[in-house]
Structures are given as structure tokens and as C-alpha cells.
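Q: For reference, the sequence and a predicted model appear below.
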Amino acid sequence: MNVKQTFLSNQAQITQNPIGLEVSHAKGIYIYDKKGDKYIDLIAGVSACTLGHSNPKINNAIKKQLKKYTHIMVYGEYVQEPQVRLAEKLAKNLPKKLNCSYFVNSGTEAIEGAIKLAKRITGKFKVVYCEKSYHGSTHGALSYMGSEKFKEKYRPLLPGGVQIGFNNMNDLKKIQKDIAAIIIEPIQGGSGFVPAKKQWLKEIRRICNQKKIILIFDEIQTCFGRTGKLFGFENYNTIPDILCLAKGMGGGMPIGCFISSKNYMSKLSKNPPLGHITTFGGHPISCIAALTTLNELTNYNIIKNIPKKEQLFRENLKHEEIIEISGIGLMLGVRFKNKLFCEKVIKECYKKRILTFYFLNEKKCMRISPPLNIKDTEIIKSCKKIIKIIDYCKKTND
């Protein structure tokens, strides 16, 4: 049995028709298949490969750490320098109230930890979440997903969820004193990269302060630097009580974290202790990859150049079939008139060796989320190819 057949028979699938690209190797913004064909990757592992594939600085840091040690103990018992240095670097780049990090393995685990912490702080259990939100697929995170079709087969879920419309000021009246937490993506990742409105977030922050509700920001897709700021909330001047990070944080390695104040975090260590436990959370290999990614982004002009790169995409992706381009920085949603045309464009892009992708809750939108260090020439080249593909799809659609 060949590799692809084994992939389909022995490896669990998430859809009935996976893309099935047989990967040989990857470097920079390119993925190579087993035939030697080169694909332009505008997905970056769904915003995860912040500095591209096989980044030499990240790889070298991993190799150095491999010679020292990999996993040695469950999280939080031994002093491991990659964890300590990463926590220190995060604290230096965040507001004072976000000074204590708990490292986990993924975004959904960061959400689980944040929800538990909010309940522990407030003694309440209800959670406000947004329509079309996505926070992960584990049972707790799924409870606060804003799309019923992905939840209905897995009920009963956690009780106490209260859904509001994203950017809907009228729905804020649903936020009462019995709420433990409000969880929000500053830019919704599953609905076509829709940014929150500044006044809406500001009002939510005011309500949380007034009613003693914990404000959680899910920045799993916005970190690090994807919006042109190191953290997405910096675009809004609104600071959460708990910040969740993952995906691009590790530069391609699996890691996540939830961050709050030392005072709040200490509640997980007592009455009872072991309030949140993880074996592989804060794995030294993932932490050193995340630290290297963070150092690269803060030491050089990569983030500073994101707005210019966003503008290049917007200027070069102009077509009568494109209704709008939503999002900020290098998290862009190219919206078409209907989902069938969008699907056709994405499939045709794949045939022409350009990798784009779908959104979970918005089928009219095509994802553009390349590595942050994509070159200007690579952006222009990619856009020209996409415009030709849209022309072809329109012509064959008529």
C-alpha cells in the first residue's frame, strides 16, 4: 500500500475529501510535493508558520536545545530555561497586568485553561461568546463556538453559554452580573477575518469592569505580529484580563499559552493545587522555537513591514468578482459573490500550485495568511496568478 492509500485508510480524517498533497519538503513560502513540484503557500499552516517553513534560525535553536534535553518533567515542577526565558520575554512585551504565562500544547487547550481560570476567579460559570466564533474543538471550547452545526452532534456541552452578535451593540444588554467571562476574537478567524469595532470592544471592557466579569481575548490566530502589531489587542487599546495565544506563536511548532496576572494565575496553584495540569505543555523544543520567533519579530522590521504587505495584496487583488477583502495585516479574507465560485477559485489555485484555503464559518471567503516574511515580489507574483485564475473561473462559469 502506498503512502497516500495508507493516509486514507490508517490515519483518521477530518473530511471525506482531504486535499491529499504529498509533501516532500518545505522552505520559506514554498511547499514541494513528492514529484518535485513547488507550491506557493499562502496558508502558512493556518497562520502557524510565522517565519515560513524550515526557518534556519528556528531550526538551529531547536537543534541546540535537542542536544541539551527534550521532555523531562510535567509542566511547572522543574526550572527549564526555554520556558522561563519565553515567559520573561512575553511579560516584557505585554501590559503589566499580563505578566504570568501558563504554557500548553495548543490553542484549544489555552482556551480551556482560560475558561477554568475565569471560573476560579469569579466563582461564576456562565460565558458570553460570539456568533460565528471559533475557539477550538475540545468539549469546553466547543461549547462557546458560534455555529450550531458543529456543536449539535456533541451535546450536551458545558451549560451557561450566552451567544451575542459580533459587533452588535444591542446584544450587550445580555451581559449580566452572573457572567463569569466574555471570550472574544479581536479579529474573528473562522468568519473571514472580520475585525471587531473599537467602540464595541471598548464598551465590553467597560461592562466587564463594572460587573466584575473576566475579559478573555482569543488571539490564537492574531499572534505574533500578523495584524502589524505584536498582539491584536494593540490595534484597539483594550486590554483583556486573560490573553490566549497559539498557532503563529511557535513558528511552526505546537505550543499555546494563556496569560494573566500573577495574582490571578496563583489561584490555580492552591485550594486545591494542580488547578490545571499538562504533561507536555511548555515543551522545551516548542518553547525555544517560540522564543526564537518572538526574538526575530521584535529585533527586526518584520512586523513594521506588515501594513505595506497588506496594501500590496489589496492593490494587486482587484477584480470584479471580488466583493471585498476583509481583515488586517496578513490575515485577509477575499470575499466572492457566492460559495461555489469561491470553492472553484480555491481548487483552481491548488491546480496551479498556489495554496489558499477556506474559512470554517464563511464559505464565500478565501483565506490569505502567508508567512510574515513573504517578500514583496512573492506577493505580487502570487496575486497576478490568482487574478488569472479568477479570470479563468469566471470565463468557464459563464
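A: Good, I have the coordinates.

Q: Find out how far the helix or strand hosting F103 is from the centre of the chain, if you would.
A: Mapping F103 onto the secondary structure by DSSP states H and E places it in strand 100-104. In terms of C-alpha atoms, centre = their mean, to the nearest Å, the centre of strand 100-104 is set 16 Å apart from its chain centre.

Q: hey, where'd the strands end up in the stretch 101-250 of the chain?
A: Remark: strands of the stretch 101-250 of the chain, listed N- to C-terminal, are 126-130, 161-164, 179-184, 187-188, 194-195, 214-218, 242-245; assignment by DSSP state E, counting those that start in this stretch.

Q: mind checking which of these is nearest I323?
A: Proximity to I323 (C-beta to C-beta) singles out strand 194-195 among those, at 13.6 Å. C-beta: built from backbone N, CA, C; applies to glycine.

Q: in its sheet, what does the closest one sit against?
A: strand 187-188 (antiparallel) (DSSP bridges).

Q: Tell me how far the partner strand lies from the chain's centre.
A: Distance, stretch centre to chain centre, for strand 187-188: 9 Å (C-alpha atoms, centre = their mean).

Q: List the residues that contact the residue sitting nearest the centre point of the chain.
A: The geometric centre of the chain, computed from its C-alpha atoms, lies nearest to Q221 (C-alpha atoms, centre = their mean), at 1.9 Å. Remark: with contacts taken as C-beta atoms under 8 Å, 6 or more residues apart in numbering, Q221 is in contact with 46-47, 185, 187, 189, 247-248, 331, 369.

Q: Just the ones in helices from those residues, please.
A: Counting by DSSP state H, the members of the contacts of Q221 that fall within helices are 46-47.

Q: filter the contacts of Q221 to the buried ones?
A: In these, burial by neighbour count holds for 47, 185, 187, 189, 247-248, 331, 369, counting by 16 or more other C-beta atoms under 10 Å.

Q: hang on, R120 packs against L268?
A: Yes: with contact defined as C-beta atoms under 8 Å, R120 reaches L268; the gap is 6.7 Å.

Q: Comparing these two, which residue is more hemmed in?
A: It is L268, of R120 and L268, that has more neighbours when counted by other C-beta atoms under 10 Å, with 21 against 17.

Q: So A26 lies in a strand, does it not?
A: Yes: going by DSSP: H, G, I helix; E, B strand; the rest coil, the assignment for A26 places it inside a strand.

Q: Any stretches of the protein with poor pLDDT?
A: 1, 398 (pLDDT under 70).

Q: where do the helices sit along it?
A: So, for the chain - with DSSP H - the helices run 3-10, 44-47, 56-68, 81-92, 107-122, 139-143, 198-211, 262-265, 284-299, 306-316, 339-351, 376-397.
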